[in-house]
Structure formats: C-alpha cells, structure tokens
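below is the sequence, then the predicted model.
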Amino acid sequence: MGITYGVDLLGAATGCLAGLAVLTWMDGPSAMFAVAALAAASAWCFGRAGSEPVPETSVLNWRILRRPGVVVIAMAALAGANSMVNVGFQPILTKYGPVEMLNSFDYIRWNSFSRITVTHMAKVTPPTLWGPSPALPPGTSGEERALTIDSGAGSYMPRYSAVPGAMDFLRYDITNFAYHARHSGHSAVVGVGSGRDILSASVFGFRDITGVELNPIFIDLLTDPAKLRGEAGVADLPGVRLIVDDGRSWFSRTQEKFDLIEMSLTDTWAATGSGAFSLSENGLYTVEGWKAFLSALNPDGLFTVSRWHSPYSTVELGRVVSLSLAALMELGADRPRDHIYIASLDEIATIVTSRTPFAEADLKALDEAAARLHFTVLARPTRASADPVIEDLMLSRSVTDLNARASRHFLDVSPPTDARPFFFNQLKFTHLRDLAFVIQEWRKGQGLVSGSGWNGNLIAVGTLLVVILLSGLVVVFVILLPARSSIRLVDRRLALLGGVYFLLIGLGFMFVEIGLIQRISVFLGHPIYALGIGLFSIILSTGLGSLLSERLTPSRPIHVAIWLGLLAAYLLALPYWLPDLTHSSLVIGQLPLRALTSVLVIFPAGLLMGFGFPTGMRLVTRIDARPTPWLWGVNGAAGVLAAGLAVACSIGFSVDVTIQVGGVCYALLLAFAVPLLRLAATSAAPASAAGSYPTPRQSR
C-alpha cells in the first residue's frame, strides 16, 4: 500500500515541475494538447500492463482509442504547431467586453503565469490617463498601445517622443501626484508594466530610475529593438535600470536608498472578483511589504501608491491607509498621520507616505499641485479628514488600536499582514450582518456598492459558497452513497474508527497543503511559484513518507503517539517561527534560494503526513478489507470539501489559523488511531486479506 501510494504521489510531484516547464515555452492552449499527449502516453503504458477485456459496446472500443501511440504523436504535434502561431486554438475571453479578435494584437506572449497582449498603435485624444486632471490642455493627443495581462489588467504605453513638452500630459495624472514634491535624486517604480511610470519619473526630472518588474515579458518587450523598444523609449532614457524580480523581495535585499518609490495600481482585484481566492494573496500590500518599501527610502523619501477609490465607500483606500499607518507605527513613527497626504480624483486616490513627518516645503508643493490640478485633498497633516473612515483610522495610537477601530466598520479596512494577505477582499463574509447589508445594497444597484468594486467581492464570496455546496452534493451522491454498501456488514466500531480516521487525515492534509501554499506564495512573490514549488514539495515529501511507512510502520501505540505528536507539534508551532525565517536576510535572496527555503519548511510536514493514509489502510485491511471503498470515499470527500473550507478559513481568519487547524486534525487523530491499532492487534482476520482486495487509485 505504501509503495503504490508513494509512487503515485512521486509521479504527481514530477508532473508539477513538468507542467511549469511546459508553460515556460508553450502557450496555455498548446499546453493542453501537451497534457493530452501525456495522458495518451500513460494510457498506452497502462494498456501494455494488461487489464480486464473491454466490452464490445464500450466507448473505449473506438478505433482511435485502440492506438494510443498515434494519439500521443498527434497531440504532441498539435501542441508544438499551436504554440508557434497566433491563429490556432486560443482562449475566448469575454469577462470585460466583447470576444477578443487575435488580429487586433501585434504581440501575444505567454509564460507560466500570464498572457500578455499588445494592441496596435492608435492615436487618441486625449491620451489615456488613470486620473486625468480637468486642467489638462484641451486638444492634447498622442499615440498609444494597450498592454493587457490575462485580458483583465494592464496599462497603456504612450509612444515616446523626445520633442520638448511632448510627454507633459503625464504631469496631469493623479497617479503622478507625488512627483510635484520630489522630482530629483534616485527614484524607483514597482511594477514597470508598459513603462509609463518610468516615463513619468523622467518627465518630472529624475535621471536615476530603477524599475522592478516581476513579469519578464514586459521587460523583453520594452528592451528588444525588434519589439517595442523604439516606441516605448523607456530603455533608452538616461539613468534607467530595469530589473526582473519580485518587487518586495528586491527592496528587502537592496542596500540602496531612494528619494521616491512609486507603486501605481499595481495588481487588481481581478483574481478575487473571479472567485480565485487561493490565488489572490499579495505580498505587495501587507504591513511587512510596506515596511520593506519604507525602509528603502532616504530619511525624507516618499512612497506613493495609487488605488481605486469610490465616492460611496473607501473600499481599497481604507486598507491602504491602515497599511500605511501600521507600517509607520512598526517603524517607530510617533504620529503616523503627520507622514500621510492623500489626494483623489473621481475613482482614483493617491496616498503619499513620507518616511519622516512631511516638511513644510513638501506640504506647500502638494497643496499647490492639488489646487492647480483640481484634485480633492482627502487627508493632510494638521487637518482632519472629511472621510469618517479615514479620520477614524488616523486617530489610532497603536496597531492594536488600529485593528480595533477597523473592526467597527462594515468593510474590512484592517491592515493586511503576511498571515492574512488578502488585500483585495474587503468583504467580511464572516460577519453575516455586514454581508446581508452589502447584498441588500448590491441588489439596489446604487449607493454604497455601485461603482465601488464590491461586485467583484460579492461574486467571489458567492463563487466560494457555490463551490463548497456543489462539492458537498458531489461527494455525497458520487462518492459516499455508492460506497455505503461496503460497510453494511462491517463491525460498527471499525466503520466508525476508520471513517473518522480517514476523515481527519483528509481534512488535515488539505488544510495544511492550502495553508502552506498560501504562506509561501507571499514569500516567493507569485502564486504560480507557490503552486509549482509548494505542490511539488508537499506531494514529493508525502510520497516519500508513504514509501518510508513500509519500513517504519507505526505498530505500537507509542509509535503512533510519537508520529502524530511530532507532526501536530510542527504544524502548531510553524506560524510562530516561519515569519522570522522568511523575513531573515539570510533567505530573502534570489528565487532559487527562496524556493529551497520553502522546500525545507514543507518537507518535514509532508514526510510525516505521508504516513497517514497507508498506515490507516494497512490497519483497516488487517481487520477487514470490505470497508476499503468506504474509507477511500470518506478520505476523498473530506479532501474535496476541505479545499473550499480551508480557503474560507484563511480569508476569514488567517493562513496561520488554517495551518493550525490542520495540526489540530492530526492531534485529534491520535484518539482514533490508537483504538484502531488495538483493534487490529486483536483481530483474527487473515493477513492475506489486504492483498486480496482491489484498491482504487486516490490523489491524496
């Protein structure tokens, strides 16, 4: 049992890395053909191993399926051909508008975590600005392209011109508000994208500009003379340096100091709005992340962040304010509100955070710019904010006080941390009264929710709820009810002990797996790295643990106590020491070092969890092999349901709580594993029973 289960998991672990490797040189649709080729190859191997004869009427007797080798070659050829052209099999994306036409793009590029499209160059009047000032001279025009990520987020790249004043329209965007107070020295941009923020820094006078971008496709487009280098102009500006790295990680490592760091509309709530909760963690918007950015400033340096803002509610701005306040408090600021200036225009707000209290000259420059450009000042030192939520947060005296004040508001304006890094989900769905209020406002289609971004949060919560409910229905009707007959004639003690045993390891494994992946997602800098490295580490270590269980089978109560005690203790203690490790300068290095650290953290938990399934199945089959299908079903059902429940737990409480819930499940397992062991020891069932009963395949 341990060998079969372990080999199956080792194959799955290898598949994680193979999938990432395929996606690095092949686009998403082509990768599906590659997966089909792999499935056909596995079918060929399975067929060569021999099996029961297939009935003549079965769909498996289709002629093409009798030649899996032909299917392998055909699918591999389709995958290769599709990845080399833009007219083959492609996704249809209609989330934000009409179906995309491939001939509307000059470039389409894929990597393992994104699809970047570049539209044709077009002349527009006026140029696209995120928050255009009413003072923008009429008749201003320019040429630009749209660079879009996964059809849901992106930026506009204006055609660069060296003619004096040609790029001055960038001075009228509210996202560039901070440059009116600081326009010389050393600047940095977090999230280069189309390069427009770097152009803005140059237009305002900076000649030493560092751009840090996670996605290498953008840097390739901006620096390759055969692509967009000539049109963007970014790579040829004096003093510009472009770096491919996770922004937070790079600023945590660098010894350089900056006069201004800009992070304008980096990321969106698109992942949350689509219900992809497990992929919406974001290390750029946590207290720990902002401490890294503020620490990289000169004493009078500025950190400017622009986010969406609704006139009906603070939405993202409230969390940004609490982030700034919490980070300043933890860095020792006595009066954090003296470090913050906020201006807004329509649906965009820009918060400027100073490393030290604002100087009078900086305040005067920002005041004059806001008046000249007709921006609304939402918060300023020495002046109370007209927004009641912002003003309430500004009155906080400590992080504890800040969190207490944040809890009084219906939306989640508490500062996100690495333990709860869900910045883009402001809906507190654990507060049923608040949730009912928001749903009521949403149904009205006006006021609080209209135009505020709450639709995305509501859709996400609804999606999560539907997933959990559908999962429950599926596991009941597809897994549990068909397998129920296998325990009708079985000793009730065995059915109960075995059922709870496999229920707990199913719940515990999934809570630990999802919690660890979410935790290292922030550390590694991107969800795809967490999925690839995290899943690989968990599945590999669990597979090795299953193999090891063949030689180190817990055969006495003391052995079971040691095994489960070590596992539960490790998981329960993990949240207390893991943050210090991941913030240590020894491990905040390049991605390979962070990946190795993640593997080493995950491996002990996975190795010990790997003992659970084969040990339990071995004990049960020593007593009676008949309930095996039921126990497989219970374990599978628990795993399916736990996936949604674990994500909800992380968002509602914290990732650390999710990991510790998994630890509690394994601690409780002792109360059922020991009686099961004793029942097996007193059983007179023949030892050959386990080997004579067929066992289905299982993914856990």
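Alright, I've got the coordinates.

what segments of the stretch 351-500 of the chain are strands?
Counting by DSSP state E, counting those that start in this stretch, the stretch 351-500 of the chain has strands at residues 376-379.

where does the nearest residue to Asp259 once chain neighbours are set aside land in three-state SS?
Closest residue to Asp259 in three dimensions, ignoring its sequence neighbours and counting by C-beta to C-beta, 6 or more residues apart in numbering: Gly185, at 3.4 Å. Where you see a C-beta, it was placed from the backbone N, CA and C, and this is true even at glycine. Secondary structure, DSSP: H, G, I helix; E, B strand; the rest coil: Gly185 is coil.

burial of Gly185, as a residue count?
16 (other C-beta atoms under 10 Å).

now do the same for it: its pLDDT.
Reported pLDDT at Gly185 in the predicted model: 95.

looking at this protein, which helix is longest?
Longest helix in the chain, counting residues (DSSP state H): helix 492-524.

list the buried residues in it.
Of all the residues in helix 492-524, those buried under the rule 16 or more other C-beta atoms under 10 Å are 494-495, 497-524.

kindly report the same for stretch 552-565.
So for stretch 552-565, counting by 16+ other C-beta under 10 Å, buried means 554, 560, 563-564.

hey, what's Thr304 bridged with?
Glu262, Val352 (DSSP bridges).

before we move on, back to that, give me the distance between the residue nearest to Asp259 and Gly205.
9 Å (C-beta to C-beta, to the nearest Å).

repeat that for Ala369.
Taken as C-beta to C-beta, the span from Ala369 to Gly205 is 14 Å.

with Val620 instead?
When Val620 is compared with Gly205 (using C-beta to C-beta), they lie 73 Å apart.

more crowded one of those two?
Val620 (27 against 12).

just to be sure, that one is in a helix?
Yes: counting by three-state DSSP, Val620 falls inside a helix.

OK, contacts around Pro627?
486-487, 490, 494-495, 498, 620 (C-beta atoms under 8 Å, 6 or more residues apart in numbering).

coming back round to it: C-terminal to the longest helix of the chain, what's the next element?
Downstream of helix 492-524, the next assigned helix or strand under DSSP states H and E is helix 527-529.

the residue nearest to Asp259 contacts Lys257, correct?
No: Gly185 lies out of contact with Lys257 (C-beta atoms under 8 Å); the separation is 9.4 Å.

overlap of the contact sets of those two?
With C-beta under 8 Å, 6+ apart as the test, Gly185 and Lys257 both reach Asn298.

how close does the residue nearest to Phe611 when sequence neighbours are not counted get to Phe613?
Leaving aside its sequence neighbours, Phe611 sits nearest to Ser549 (C-beta to C-beta, 6+ apart; 4.6 Å). Distance, Ser549 to Phe613, by C-beta to C-beta: 9 Å.

could you find the closest non-adjacent residue to Val413?
In space, Val413 is closest to Gly318, 3.5 Å off (C-beta to C-beta, 6+ apart).

wasn't that neighbour part of a helix?
Yes: counting by three-state DSSP, one finds Gly318 located in a helix.

check contacts around it.
By C-beta under 8 Å, 6+ apart, the contact set of Gly318 is 389-390, 393, 406, 409, 411, 413, 426.

re the thing from before, pLDDT added to the buried residues of stretch 552-565, as JSON lines?
As requested, the buried residues of stretch 552-565 are exported to JSON lines (pLDDT from 0 to 100):
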{"residue": "Pro554", "pLDDT": "84"}
{"residue": "Val560", "pLDDT": "93"}
{"residue": "Trp563", "pLDDT": "95"}
{"residue": "Leu564", "pLDDT": "95"}
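
most widely separated two among these?
Comparing all pairs in the buried residues of stretch 552-565 by C-beta to C-beta, the longest separation belongs to Pro554 and Leu564, at 8.7 Å.

what touches both of those two?
By C-beta under 8 Å, 6+ apart, the residues touching both Pro554 and Leu564 are Ala673.

by mean pLDDT, which helix or strand of this protein comes out lowest?
When the helices and strands of the chain are scored by mean pLDDT, DSSP states H and E, helix 689-692 comes last with a mean of 41.

for stretch 665-683, buried residues please.
By neighbour count on 16+ other C-beta under 10 Å, the buried set for stretch 665-683 is 665-670, 672-674, 676-677, 679-680.

do stretch 381-391 as well
381, 385, 387, 389-390.

and which of those is nearest Val244?
Among these, and counting by C-beta to C-beta, the member closest to Val244 is Ile390, at 35.8 Å.

burial count for Val244?
16.

pretty sure it contacts Ile217?
No: taking contacts as C-beta under 8 Å, Val244 lies outside contact range of Ile217: 9.7 Å.

which intervals of the protein have sub-threshold pLDDT?
Residue ranges of the chain with pLDDT under 70: 1-69, 72, 79, 82-100, 268-281, 315, 429-460, 585-587, 684-700.

domain ranges for it?
What automatic domain parsing lists as the domains of the chain is 1-90, 101-266, 270-286+304-488, 491-700.

want to throw those domains into a markdown table with distance to Phe293?
Converted to a markdown table, the domains of the chain look like this (distance: least, C-beta to C-beta, whole Å):
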| stretch | distance to Phe293 |
| --- | --- |
| domain 1-90 | 29 |
| domain 101-266 | 6 |
| domain 270-286+304-488 | 8 |
| domain 491-700 | 14 |
